[in-house]
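Student: Generate a structure from the sequence data that follows.
(2 chains)
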Amino acid sequence: MLRACLRGANATARKNYRRIPLTSLQQCRHYTAGEGSSASKVVVAGLLTVSGGIGGTVLYAKWDRLCLCVCVFSLEECNECHEHKEATAVHPAPTEPMKERPVEEVAARLAQQEQEEQDISASVSASLEDSLASSAKATLQAIGAQEAALQAIMQHTDKLKEAMEAEVLPEEKSNQWKDLEAALADRTTALNDARAALSKANESLDSLRSVIDESKGLKISSVRPLVLAAEENLHNMVVDLDKMVMKCFCVLAGKLSTDDLNALIAHAHRRIDQLNRELAEQKVREKIHIDAALEQQKLEDQKALDSAVNTALQHVKEEARLDQERKLAELREVMEAEMRTQLRRQAAAHTDHVQDVLKVQEHELKAEAEQVLSSKMLEQETRYRQLTQEQLDNFTLDMNTAYARLKGVEEAIDSHVVAEDEARKAHQLWLSVEALSYSLKTAEADVPTVPLENAAQAVRDSCRDNDFALALASALPEKSLQRGVYSEASLRARFNSLRSLARRVALIDESRNSLYQYFLSYLQAALLFEKRQEAPPSQLSSEDLDPFKLLSYASYCLEHGDLELAAKLVNQLRGEARRVVEDWLIEARLTLETRQVVNLLSAYANAVGLGTTQAP
Amino acid sequence: MSEKELGKKWDRCLADGAIKLGTGLGLGIVFSVLFFKRHTWPISLGSGAGLGMAYANCQNNLRSHYMLHRGDKQRGSTQC
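Tutor: Now for the predicted structure:
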């Protein structure tokens, strides 16, 4: 049925298309000349080939169901086709080596098939509905457009009739003709719209048809009613559309009868005559005007010519200038571009060259720098070595000088120490000698000094390595060391007592020592008076050896502190007087000796002390 | 002390004289009483003898230093 519809549609289309070109061509011929026939031929030929192709395809598909599947339907349905084919292929030989399917499997397969069918039917229905809706919309649109076209055509024909039949002024005629032209334009646009809408509707109808064919091809029973409904709808729509199209074309085609045509031709002729008349009048008027104006024009022409020429010249000049400038600009641009490229090239070359040169320079400079560096380094090293050597030498020099100085200082210190030692020893010696001399003074009346042993020992200790002092210290008389010595005062006192005794025994000696002599001597002592003290002469004569004189000399000496001389004088006594003063003499000698030694020691200590003592 | 020697000598002299005199006197008295019928000549003899002895003794004593003894010949040179 679909195919029937298709064929019918095609036929109608063909018919319509065949008919329409003729009438439209007629119309067209009225306005535009000589283009329609070839175009219509081309269109017709195209349509024929297309329809022939489609028909052939359909026939072949009918012959080969597989091809139809492949050509028209989806893969699913193709698979199903395959399946169907397999099924049909397999079914005739169920007793083949292939096992018969079990019941459950078959049932399952059937259920599955049913499910599939249901799904497919649902989808198909949905698609059908969609396509139906779209096609309906398109069809309605097309119908509307056709209606509009129809209206436009009617308007146009009316206007045309009006224009043709009405006898009005030429200006109005021209207006009328202008309106007519507008109406014609409207009509053409409306027709185009209608055609477009029609094509759209046809497209949608075709799609719907294809969908219907697809669903038909599925061979599912549940789908059939939907498909049938859709087909009915489609048919209805197609019919409506065709009706409208036909109406439109009928209107287009049969709008003008022969009378109308004759009227149109007559009118046209009339119009032509009118126009010719007008044209003739116009021509005459024109000629007059032209002659009149020509003269003026000639005059003005001359004027205008110049100005025009000038302006033209100017314009040309300007144009030429602009052209030139443009050309210049273009050229400049081109030149610039070229220059840029050249410069770029040059820059590139330059950079390459510079890079090369730089590399070379770098190498050279590096080599130079390295050389300089190495030389500088060498210099620095030598200088450093020199400096270190110098420093070392200086240091050794300094060290040596320091060492020498240190040695000198040490020696000085040692000598100083030695000197100080000497000084200390001298001090000690002096101190001990002072102590000794002090201890000499400890003698009181009739009491000898303390034994000088300690002091002498101290002196001896303090002059261990001094031979002189040691000799001196050991020259001290033993008695003084053990017992001490008497002081001068005590000796003086003793002498005073001795003197009287010595006077009394002045006459007694070895030869005269009887008792009678003693008596005489005592008498002499009682009767003789001599000076208590008499200064002794520097040289003793023989008469000075008188004991009394001697004693007075000795007294004088003692009184004047000259124990030595006194002792010397007393030493001159002879006889018993001598024996009497012997002890005193010994004591005096002791004292004198000790004092002499001590004086010597003191002098020596002083000398040594003076030598070694440094002012603080 | 050498100066005190003389004094010591004189003391001894006097003491000795006194003793001798006394002894002589005593002996004389004794002898006179005992042997010589209280004549005074033994007393005076005795005292005189005593005194003389004392005198001689004193003198000797005083001279003793100047007298060389037999034993001193050897030490005579050393002594002075």
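
Student: List the residues that contact residue A:482.
Tutor: Residue A:482 is in contact with A:451, A:453, counting by C-beta atoms under 8 Å, 6 or more residues apart in numbering or on different chains. The C-beta positions use only the backbone N, C-alpha and C, and glycine is treated the same way.

Student: Outside of the helix or strand residue B:51 falls within itself, list whatever touches it.
Tutor: Secondary structure from DSSP states H and E places residue B:51 in helix B:40-63. Helix B:40-63 has contacts (C-beta under 8 Å, 6+ apart) with A:508, A:513-515, A:518, B:9, B:12-13, B:16-29, B:31-32, B:35-36.

Student: What of stretch A:502-522?
Tutor: Contacts for stretch A:502-522 (C-beta under 8 Å, 6+ apart): A:524-525, A:528, A:547-548, A:551, A:573-577, A:580-581, B:6, B:55, B:58-59, B:62-63, B:66.

Student: Residue A:161 and residue A:245: what is the separation?
Tutor: Counting by C-beta to C-beta, to the nearest Å, the separation of residue A:161 from residue A:245 is 24 Å.

Student: more neighbours, those two?
Tutor: Between residue A:161 and residue A:245, counting by other C-beta atoms under 10 Å in any protein chain shown, residue A:245 is the more crowded of the two (23 against 16).

Student: The more buried one touches residue A:146, doesn't it?
Tutor: Yes: with contacts counted by C-beta atoms under 8 Å, residue A:245 reaches residue A:146, the gap being 6.3 Å.

Student: any common contacting residues for those two?
Tutor: residue A:198.

Student: ok, residue A:531 - how many residues close by?
Tutor: 12.

Student: Check for me that it belongs to a helix.
Tutor: No: counting by DSSP: H, G, I helix; E, B strand; the rest coil, residue A:531 falls outside a helix, being coil.

Student: Name the nearest residue to it, sequence neighbours excluded.
Tutor: residue A:552 (5.2 Å; C-beta to C-beta, 6 or more residues apart in numbering or on different chains).

Student: can you check residue A:160 too?
Tutor: Per C-beta to C-beta, 6+ apart, closest to residue A:160 is residue A:180, 6.0 Å.

Student: my guess is that neighbour contacts residue A:157, does it?
Tutor: No: counting by C-beta under 8 Å, residue A:157 is not a contact partner of residue A:180; they are 10.1 Å apart.

Student: what helix or strand is residue A:160 on?
Tutor: helix A:103-165.

Student: If you could redo that for residue A:598, that was the one I meant.
Tutor: Assigned by DSSP H and E, residue A:598 falls in helix A:582-612.

Student: Now do the buried residues in that helix.
Tutor: A:582-585, A:587-595, A:597-598, A:600-602, A:604-606, A:608-609, A:612 (16 or more other C-beta atoms under 10 Å in any protein chain shown).

Student: Return the residues of chain A in contact with chain B.
Tutor: Within chain A, the positions near chain B by C-beta under 8 Å from any C-beta of the partner chain are A:494, A:497-498, A:501, A:505, A:508-510, A:513-515, A:518, A:576, A:579-584.

Student: Cross the residues you listed against helices and list the overlap.
Tutor: A:494, A:497-498, A:501, A:515, A:518, A:576, A:579-580, A:582-584 (DSSP state H).

Student: Mark which of those are buried, thanks.
Tutor: A:494, A:498, A:501, A:515, A:518, A:576, A:579-580, A:582-584.

Student: contacting residues for residue B:29?
Tutor: B:42-43, B:46 are the contacts of residue B:29 under C-beta under 8 Å, 6+ apart.

Student: any idea how far residue B:35 is from it?
Tutor: On the measure of C-beta to C-beta, residue B:29 and residue B:35 end up 11 Å apart.

Student: Tell me the pLDDT of residue A:48.
Tutor: Looking at residue A:48, its pLDDT is 90.

Student: quick one on the thing from earlier: is it possible to get a markdown table of the buried ones among the ones in helices among the residues of chain A next to chain B that adds pLDDT?
Tutor: Output for these, formatted as a markdown table (pLDDT from 0 to 100):
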| residue | pLDDT |
| --- | --- |
| A:494 | 87 |
| A:498 | 86 |
| A:501 | 88 |
| A:515 | 84 |
| A:518 | 88 |
| A:576 | 83 |
| A:579 | 83 |
| A:580 | 85 |
| A:582 | 87 |
| A:583 | 88 |
| A:584 | 89 |
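
Student: hmm, which two among those residues are most spread apart?
Tutor: A:494 and A:515 (26.9 Å; C-beta to C-beta).

Student: Look at residue A:476 and say how many residues are nearby.
Tutor: 24.

Student: Help me confirm that it comes into contact with residue A:455.
Tutor: No: look at residue A:476 against residue A:455 with C-beta under 8 Å: they stay out of range, at 9.3 Å.

Student: distance of the residue in chain A that chain B sits nearest to from residue A:602?
Tutor: Per C-beta to the nearest C-beta, residue A:583 is where chain A lies closest to chain B, at 3.8 Å. Distance of residue A:583 to residue A:602, given as C-beta to C-beta: 28 Å.

Student: who's in contact with the nearest residue in space to residue B:2 that is not next to it in sequence?
Tutor: The spatially closest residue to residue B:2, leaving aside those adjacent along the chain, is residue A:583, at 3.8 Å (C-beta to C-beta, 6+ apart). Contact analysis of residue A:583 by C-beta under 8 Å, 6+ apart lists B:1-3.

Student: between these, which has the most around it?
Tutor: residue B:3 leads the contacts of residue A:583 on contacts (other C-beta under 10 Å) with 20 neighbours.

Student: how close does that residue sit to chain A?
Tutor: Here the criterion is C-beta to the nearest C-beta, to the nearest Å. By it, residue B:3 lies 5 Å from chain A.

Student: right, and that residue touches residue A:584 too?
Tutor: Yes: assessed by C-beta under 8 Å, residue B:3 is found in contact with residue A:584 at 6.9 Å.

Student: Residues that sit against both of those two, list them.
Tutor: Common neighbours of residue B:3 and residue A:584 (C-beta under 8 Å, 6+ apart) are A:494, A:498.

Student: Pull up the per-residue confidence for residue 6.
Tutor: Answering for chain A, as no chain was given. 60.

Student: not quite, I wanted chain B
Tutor: Value for residue B:6, per-residue pLDDT: 84.

Student: Same question for residue A:376.
Tutor: 94.

Student: same check, this time on residue A:174
Tutor: 73.

Student: I'd like the next helix or strand past the strand or helix carrying it.
Tutor: Using DSSP H and E, residue A:174 falls within helix A:170-218. Heading C-terminal from helix A:170-218, the first helix or strand you meet, by DSSP H and E, is helix A:224-254.
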